[in-house]
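1. Fold the following, please.
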Amino acid sequence: LYGLYATSNGSISLANLSVEGNQYDGAFLDNTGGTSGISITRGYFAGNLWNGVSAYSNGSITWKYGGAWGNDYSGAYLQNNYSGSTGGVSVSGTSKERMGFEGNGWGWSGDGLCILSRGKITLAYAGAENNNGRGFGLNNSAGANQSVTATEVYANWNEQYGLYAESNGSITAKGINGEG
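-> You can find the predicted model right below:
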(Lines give C-alpha, C1' and ligand atoms only; values in the text may rest on other atoms or scores of the structure.)
Protein backbone atom coordinates (compact mmCIF):
# COMPACT_ATOMS: atom_id res chain seq x y z
CA LEU A 1 0.00 0.00 0.00
CA TYR A 2 2.56 2.62 1.17
CA GLY A 3 6.14 2.40 -0.02
CA LEU A 4 7.31 3.62 3.38
CA TYR A 5 5.09 4.32 6.40
CA ALA A 6 6.79 5.86 9.45
CA THR A 7 5.21 7.32 12.59
CA SER A 8 7.21 8.42 15.60
CA ASN A 9 7.19 10.76 18.60
CA GLY A 10 10.86 11.45 17.82
CA SER A 11 12.70 12.56 14.72
CA ILE A 12 12.38 10.87 11.33
CA SER A 13 15.42 10.88 9.05
CA LEU A 14 15.59 9.34 5.57
CA ALA A 15 18.52 9.24 3.16
CA ASN A 16 19.22 7.84 -0.29
CA LEU A 17 15.83 6.38 -1.10
CA SER A 18 13.73 5.86 -4.20
CA VAL A 19 10.05 5.00 -3.75
CA GLU A 20 7.92 4.17 -6.80
CA GLY A 21 4.60 2.71 -7.87
CA ASN A 22 2.64 2.34 -4.62
CA GLN A 23 -1.16 2.26 -4.14
CA TYR A 24 -1.07 5.08 -1.57
CA ASP A 25 1.69 7.57 -0.71
CA GLY A 26 5.20 6.67 -1.72
CA ALA A 27 6.26 7.72 1.78
CA PHE A 28 3.98 8.68 4.68
CA LEU A 29 5.90 10.35 7.53
CA ASP A 30 4.23 11.54 10.74
CA ASN A 31 5.87 12.64 13.97
CA THR A 32 3.19 15.05 15.18
CA GLY A 33 3.14 13.24 18.54
CA GLY A 34 6.34 15.11 19.47
CA THR A 35 8.28 18.24 18.54
CA SER A 36 11.22 16.74 16.63
CA GLY A 37 11.68 17.28 12.92
CA ILE A 38 11.71 15.31 9.69
CA SER A 39 14.75 15.19 7.42
CA ILE A 40 15.01 13.77 3.89
CA THR A 41 18.27 13.67 1.94
CA ARG A 42 18.25 12.47 -1.65
CA GLY A 43 14.65 11.28 -1.69
CA TYR A 44 13.03 10.37 -5.02
CA PHE A 45 9.29 9.61 -5.26
CA ALA A 46 7.61 8.61 -8.54
CA GLY A 47 4.46 7.05 -9.91
CA ASN A 48 2.55 6.64 -6.63
CA LEU A 49 -1.27 6.69 -6.67
CA TRP A 50 -1.48 9.29 -3.89
CA ASN A 51 1.25 11.79 -2.93
CA GLY A 52 4.87 11.02 -3.66
CA VAL A 53 5.71 11.94 -0.07
CA SER A 54 3.50 13.24 2.75
CA ALA A 55 5.27 14.62 5.83
CA TYR A 56 3.47 15.85 8.97
CA SER A 57 5.43 17.33 11.86
CA ASN A 58 5.39 19.83 14.74
CA GLY A 59 9.12 20.40 14.20
CA SER A 60 11.08 21.49 11.17
CA ILE A 61 10.93 19.65 7.84
CA THR A 62 14.09 19.63 5.70
CA TRP A 63 14.54 18.02 2.28
CA LYS A 64 17.82 18.24 0.39
CA TYR A 65 18.17 16.85 -3.13
CA GLY A 66 15.72 14.69 -5.01
CA GLY A 67 12.19 15.26 -6.19
CA ALA A 68 8.82 13.81 -7.12
CA TRP A 69 7.50 12.86 -10.55
CA GLY A 70 4.27 11.45 -11.93
CA ASN A 71 2.35 10.98 -8.67
CA ASP A 72 -1.47 11.05 -8.96
CA TYR A 73 -1.95 13.66 -6.20
CA SER A 74 0.82 16.05 -5.17
CA GLY A 75 4.46 15.25 -5.69
CA ALA A 76 5.19 16.32 -2.12
CA TYR A 77 2.89 17.50 0.66
CA LEU A 78 4.81 18.90 3.65
CA GLN A 79 2.80 20.18 6.63
CA ASN A 80 3.84 21.66 9.96
CA ASN A 81 1.26 24.41 10.45
CA TYR A 82 -0.34 22.89 13.55
CA SER A 83 -0.99 24.94 16.66
CA GLY A 84 2.24 24.79 18.65
CA SER A 85 4.43 23.84 15.67
CA THR A 86 7.84 25.43 16.04
CA GLY A 87 9.85 24.77 12.89
CA GLY A 88 9.96 25.93 9.33
CA VAL A 89 10.32 24.04 6.07
CA SER A 90 13.37 24.02 3.80
CA VAL A 91 13.50 22.30 0.39
CA SER A 92 16.75 22.79 -1.47
CA GLY A 93 19.06 21.53 -4.16
CA THR A 94 22.12 23.23 -5.63
CA SER A 95 22.89 24.86 -8.96
CA LYS A 96 24.30 21.52 -10.13
CA GLU A 97 21.68 19.29 -8.50
CA ARG A 98 18.24 20.89 -8.64
CA MET A 99 15.14 19.49 -6.97
CA GLY A 100 12.47 18.42 -9.49
CA PHE A 101 8.66 18.24 -9.22
CA GLU A 102 7.13 17.24 -12.55
CA GLY A 103 3.94 15.72 -13.92
CA ASN A 104 2.10 15.38 -10.61
CA GLY A 105 -1.63 15.64 -9.92
CA TRP A 106 -2.98 14.19 -13.13
CA GLY A 107 -5.02 11.50 -11.36
CA TRP A 108 -6.49 14.32 -9.27
CA SER A 109 -5.60 17.98 -9.03
CA GLY A 110 -2.30 18.17 -7.15
CA ASP A 111 0.71 20.43 -6.77
CA GLY A 112 4.29 19.66 -7.59
CA LEU A 113 5.23 20.74 -4.06
CA CYS A 114 2.77 21.93 -1.39
CA ILE A 115 4.10 23.39 1.88
CA LEU A 116 1.88 24.46 4.79
CA SER A 117 3.86 25.82 7.74
CA ARG A 118 3.75 28.22 10.72
CA GLY A 119 7.47 28.90 10.34
CA LYS A 120 9.90 30.18 7.76
CA ILE A 121 9.72 28.56 4.30
CA THR A 122 12.82 28.33 2.12
CA LEU A 123 12.83 26.92 -1.42
CA ALA A 124 16.05 26.94 -3.43
CA TYR A 125 17.29 25.48 -6.69
CA ALA A 126 14.11 23.66 -7.67
CA GLY A 127 11.91 23.23 -10.72
CA ALA A 128 8.25 22.38 -11.25
CA GLU A 129 6.81 21.55 -14.64
CA ASN A 130 3.56 20.17 -16.01
CA ASN A 131 1.73 19.70 -12.69
CA ASN A 132 -2.08 19.66 -12.70
CA GLY A 133 -2.25 22.09 -9.76
CA ARG A 134 0.36 24.65 -8.74
CA GLY A 135 4.02 24.08 -9.42
CA PHE A 136 4.89 25.30 -5.94
CA GLY A 137 2.32 26.17 -3.25
CA LEU A 138 4.03 27.86 -0.28
CA ASN A 139 1.86 29.02 2.62
CA ASN A 140 2.89 30.00 6.14
CA SER A 141 0.00 32.39 6.82
CA ALA A 142 -0.97 30.34 9.91
CA GLY A 143 2.16 31.73 11.61
CA ALA A 144 3.01 35.23 12.74
CA ASN A 145 5.49 37.27 10.72
CA GLN A 146 7.50 34.41 9.19
CA SER A 147 9.12 34.77 5.77
CA VAL A 148 8.85 32.85 2.51
CA THR A 149 11.96 32.82 0.29
CA ALA A 150 12.25 31.24 -3.17
CA THR A 151 15.64 31.38 -4.89
CA GLU A 152 16.65 30.09 -8.34
CA VAL A 153 13.33 28.41 -9.06
CA TYR A 154 11.64 27.66 -12.37
CA ALA A 155 7.95 26.80 -12.73
CA ASN A 156 6.78 26.05 -16.26
CA TRP A 157 3.52 24.85 -17.83
CA ASN A 158 1.62 24.14 -14.60
CA GLU A 159 -2.19 24.18 -14.77
CA GLN A 160 -2.60 26.71 -11.96
CA TYR A 161 0.09 29.03 -10.55
CA GLY A 162 3.73 28.29 -11.23
CA LEU A 163 4.78 29.71 -7.85
CA TYR A 164 2.11 30.59 -5.27
CA ALA A 165 3.22 32.15 -1.96
CA GLU A 166 1.03 33.31 0.93
CA SER A 167 2.46 34.73 4.15
CA ASN A 168 1.92 37.21 6.99
CA GLY A 169 5.64 38.00 6.78
CA SER A 170 7.90 38.99 3.91
CA ILE A 171 7.98 37.13 0.58
CA THR A 172 11.26 37.19 -1.35
CA ALA A 173 11.74 35.74 -4.83
CA LYS A 174 15.12 35.78 -6.59
CA GLY A 175 16.03 34.18 -9.90
CA ILE A 176 12.51 32.98 -10.77
CA ASN A 177 11.64 31.73 -14.27
CA GLY A 178 8.12 30.81 -15.35
CA GLU A 179 6.49 29.97 -18.68
CA GLY A 180 3.11 28.73 -19.86
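
2. quick one: Ser167 from Ser13, how far?
-> From Ser167 over to Ser13 the distance is 28 Å, taken as Cβ to Cβ, to the nearest Å. All C-beta spots, glycine's among them, are computed from the backbone N, C-alpha and C.

3. Looking only at neighbour counts, state which of those two leads.
-> Between Ser167 and Ser13, Ser167 has the larger neighbour count (other Cβ atoms under 10 Å), namely 21 against 14.

4. Need the phi and psi values for that one.
-> Phi and psi for Ser167, reported as degrees, to the nearest 10, are phi -160, psi 150.

5. Test my guess that it contacts Ala144.
-> No. Contact between Ser167 and Ala144 fails when scored by Cβ atoms under 8 Å: they sit 10.4 Å apart.

6. these two touch, right, Val91 and Leu113?
-> Yes. Counting by Cβ under 8 Å, Val91 does reach Leu113; the two are 6.5 Å apart.

7. list residues touching both of these two?
-> Taking Cβ atoms under 8 Å, 6 or more residues apart in numbering as the criterion, Val91 and Leu113 both touch Ala76, Leu78, Leu123, Ala126.

8. The first one bridge partners, please.
-> The reference is to Ala76. Counting by DSSP bridges, Ala76 is bridged to Val53, Leu113.

9. Report how many residues lie close to it.
-> Around Ala76 there are 31 other residues, counting by other Cβ under 10 Å.

10. Please list all residues in contact with the spatially closest residue to Asn168 that is not a sequence neighbour.
-> Nearest residue to Asn168, sequence neighbours excluded (Cβ to Cβ, 6 or more residues apart in numbering): Ser141, at 5.5 Å. Shown in contact with Ser141 (Cβ under 8 Å, 6+ apart): Glu166, Ser167, Asn168.

11. returning to that earlier point: same drill for Val91 and Leu113, tell me which one is more crowded.
-> Neighbours per residue, other Cβ under 10 Å: of Val91 and Leu113, the larger number sits with Leu113, 31 against 27.

12. does the more buried one really touch Gly75, like I thought?
-> Yes. The pair Leu113 and Gly75 qualifies as a contact (Cβ under 8 Å) at a distance of 6.0 Å.

13. Now the common contact residues for the two.
-> With contacts defined as Cβ under 8 Å, 6+ apart, the residues adjacent to both Leu113 and Gly75 are Ala68, Phe101.

14. in stretch 150-164, what's buried?
-> With burial defined by 16 or more other Cβ atoms under 10 Å, the residues of stretch 150-164 counted as buried are Ala150, Glu152, Val153, Tyr154, Ala155, Asn156, Asn158, Glu159, Gly162, Leu163, Tyr164.
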